[in-house]
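Novice: Okay, here's the prediction I keep looking at, along with the sequence it came from:
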Amino acid sequence: MTKTVKVGMLGLGTVGGGVFKVLRNFDNIEIKKIAVNNINKDRNIEGLNKDILTANPDEIVNDKEISILIEVIGGIEPAYSLIKQAIANKKHIITANKELIAKYGKELFNLAKENNVVILYEAAVAGGIPIIMPIKTSLAANKFSNVAAILNGTTNYILTKMEKDGADFASVLKEAQELGYAEADPTNDVQGYDAAYKICILATIIFNKRCDVNKIFIEGIDKITPVDIEYARDLGYKIKLIALARESKGGKIDVRVHPMLVPLSQPLAHINNVLNAVVLNGHPVGQVMFSGPGAGEFPTASSVVGDILSLVQEIKYTDYPLPMMRCRHDETAVHLDIEETTNKYYISVNTANTPGVLGELGQIFGRNNINLTSIIQKGILEDGSARIVLLTEDALEKNVNKAINEITKLGVTKKILNILRVMD
């Protein structure tokens, strides 16, 4: 007879509901208990027996019959304390909690090692897109130089709609909230924190060094305007919120999240709406891309249940399951400061419409060792001023900042409208 593995769940919201609906199709797994805040809430889940619900999560983390704890409540507390207790009780962990893994992964993985249990977290990075297990198994032969990814569906939807409709950020954000694509408080998404947690996890895996989420440079999309999107399109780019991690000289890692102008020749430029994508560059494989739904009830449940099934198959036969999926990151990475990074730049400046302005701008960039590849001015604005857009060659961020400081002090400068980095 097939051995039934008993599991417990923390949370029965959107993701938890999806996990329950998918997991009940497998006869070798029994959902013994689910911890929820409100047992009496109408959850509209067919076949849900309310007898397995509990308002006391300790009933799950301390239940000796439960082998696997599934955490889908999100946030730091109470997830952090409950997972620590479950690990101490020799339970394997499946989680979709990117913030928890990014901030407290080191402690939790060390605790898991001490107790010979596994933490699996495929759903924490890219929803339904399989990425962690492929990197650790099928792509294990590779040395990765960089990863560039779209890891937040909310921001990708907003930028796609802004491009298609010519609408501003505020109006599209409001629409996204009405459609359920954005939270009532969208800060985590639109300011880049969600993507930062995810790229921190990916960077740790591909570089085999612990990434410090507090040292990631983060910039959101709230300053992007329809005019920026129009100019980018004219120049052969699309604007996307990119999560980037790459090795730099001296063994440091360059990890950041910010909007970028992505060339139309790059696959990431064509990932639209709520889709996510991860592009990896490694040797010997070259470049590979994983793309699909990055969030949602069933896409995320697909990754959670995939982790569960992988673990269930292993614990039938061994006391040391999934050795390839265990954390082996002992070294802490040294992060490259954003000021020391080299990038191409898109710079939009509002100036007085007077002779010699372009010459002055060119001299400032030249003094700061910055070469320009393109200068665009489309007519005169209603107030008589000029909007000038410049594209640079590769330049040090600190040199660009020096140049911008000089431009700001020019008598003809009215406003620095935007500064965006450009993907190679």
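Specialist: Great, that's in hand.
Novice: Which positions in stretch 273-291 come out as buried?
Specialist: Within stretch 273-291, the residues that count as buried by 16 or more other CB atoms under 10 Å are 274-282, 290-291. C-beta: built from backbone N, CA, C; applies to glycine.
Novice: contacts for that stretch?
Specialist: 125-127, 129-131, 134-135, 139, 141-154, 156-157, 160, 181, 202, 206, 266-268, 271, 292-296 (CB atoms under 8 Å, 6 or more residues apart in numbering).
Novice: so which of the buried residues of stretch 273-291 comes closest to G105?
Specialist: Comparing the buried residues of stretch 273-291 against G105 with CB to CB places V278 closest, at 18.6 Å.
Novice: for the closest one, phi and psi?
Specialist: As for V278, its main-chain torsions (degrees, to the nearest 10) stand at phi -130, psi 120.
Novice: quick revisit: Produce a PyMOL select command limited to the buried residues of the contacts of stretch 273-291.
Specialist: To isolate the buried ones among those in PyMOL, judged by 16+ other CB under 10 Å, type:
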select buried, resi 125+126+127+129+130+131+134+135+139+142+144+146+147+148+149+150+151+152+153+154+156+157+160+181+202+206+266+268+271+292+293+294+295+296
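Novice: show me the contacts for the closest residue to I218 other than its chain neighbours.
Specialist: In this structure, I218 finds its nearest non-sequential neighbour in G192, 4.4 Å apart by CB to CB, 6 or more residues apart in numbering. With contacts defined as CB under 8 Å, 6+ apart, G192 is in contact with 152, 155, 218-221, 241, 257-258.
Novice: Let me know the closest of those to S310.
Specialist: For those, the nearest to S310 is N152 (26.1 Å; CB to CB).
Novice: measure the closest one to A176 for me?
Specialist: 12 Å (CB to CB, to the nearest Å).
Novice: With F207 instead?
Specialist: In terms of CB to CB, F207 sits 33 Å off from A176.
Novice: cool, and Y197?
Specialist: 20 Å.
Novice: so of the contacts of stretch 273-291, which ones are in helices?
Specialist: Mapping these onto helices (DSSP state H) picks out 125-126, 134-135, 153-154, 156-157, 160, 202, 206.
Novice: okay if I get those as JSON lines plus distance to N62?
Specialist: Output for the ones in helices among the contacts of stretch 273-291, formatted as JSON lines (distance: CB to CB, whole Å):
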{"residue": "V125", "distance to N62": "30"}
{"residue": "A126", "distance to N62": "33"}
{"residue": "P134", "distance to N62": "35"}
{"residue": "I135", "distance to N62": "34"}
{"residue": "G153", "distance to N62": "36"}
{"residue": "T154", "distance to N62": "37"}
{"residue": "N156", "distance to N62": "41"}
{"residue": "Y157", "distance to N62": "41"}
{"residue": "T160", "distance to N62": "46"}
{"residue": "L202", "distance to N62": "33"}
{"residue": "I206", "distance to N62": "36"}
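Novice: Format the residues you listed as a markdown table; extra columns: distance to L322 and pLDDT.
Specialist: Below are those laid out as a markdown table (distance: CB to CB, whole Å; pLDDT from 0 to 100):
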| residue | distance to L322 | pLDDT |
| --- | --- | --- |
| V125 | 17 | 96 |
| A126 | 20 | 94 |
| P134 | 14 | 96 |
| I135 | 14 | 96 |
| G153 | 29 | 94 |
| T154 | 32 | 95 |
| N156 | 32 | 97 |
| Y157 | 34 | 95 |
| T160 | 37 | 97 |
| L202 | 19 | 97 |
| I206 | 19 | 96 |
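Novice: Can you list the low-confidence ranges for the protein?
Specialist: 1-3 (pLDDT under 70).
Novice: and it, what are its domains?
Specialist: Per the record, the chain has its domains at 5-127+297-325, 132-292, 338-422, by automatic domain parsing.
Novice: Quote the end-to-end distance of the longest one.
Specialist: Domain 132-292 has an end-to-end distance of 14 Å (CA to CA, to the nearest Å).
Novice: Then stretch 21-29?
Specialist: By CA to CA, the extent of stretch 21-29 from end to end equals 13 Å.
Novice: Give me the contacts around it.
Specialist: Applying CB under 8 Å, 6+ apart, the contact partners of stretch 21-29 are 2-5, 7, 31, 45, 47, 298, 301-302, 305, 308-309, 312.
Novice: Just the buried ones from those residues?
Specialist: Counted by 16+ other CB under 10 Å, the contacts of stretch 21-29 give 5, 7, 31, 298, 301-302, 305, 308-309, 312 as buried.
Novice: middle-most residue in the chain, spatially?
Specialist: A195 (2.5 Å; CA atoms, centre = their mean).
Novice: So which elements touch the helix or strand containing that one?
Specialist: Using DSSP states H and E, A195 falls within helix 193-207. Here helix 193-207 touches helix 98-114, helix 123-126, helix 132-136, strand 143-150, strand 237-247, strand 253-263, strand 275-283, going by 3 or more CB pairs under 8 Å, 6 or more residues apart in numbering; DSSP states H and E.
Novice: Outside of the shortest one itself, which residues are in contact with it?
Specialist: Helix 123-126 is contacted by residues 15, 95-98, 101, 131-132, 149, 151, 197-198, 201-202, 276, 278, 290, 292, 294, 300-301, 303-304, 307 when judged by CB under 8 Å, 6+ apart.
Novice: Then stretch 93-100?
Specialist: By CB under 8 Å, 6+ apart, stretch 93-100 touches 15, 68-76, 79-80, 83, 86-87, 101, 108, 112, 117-121, 123-125, 194, 197-198, 201, 300, 303-304, 307-308, 311.
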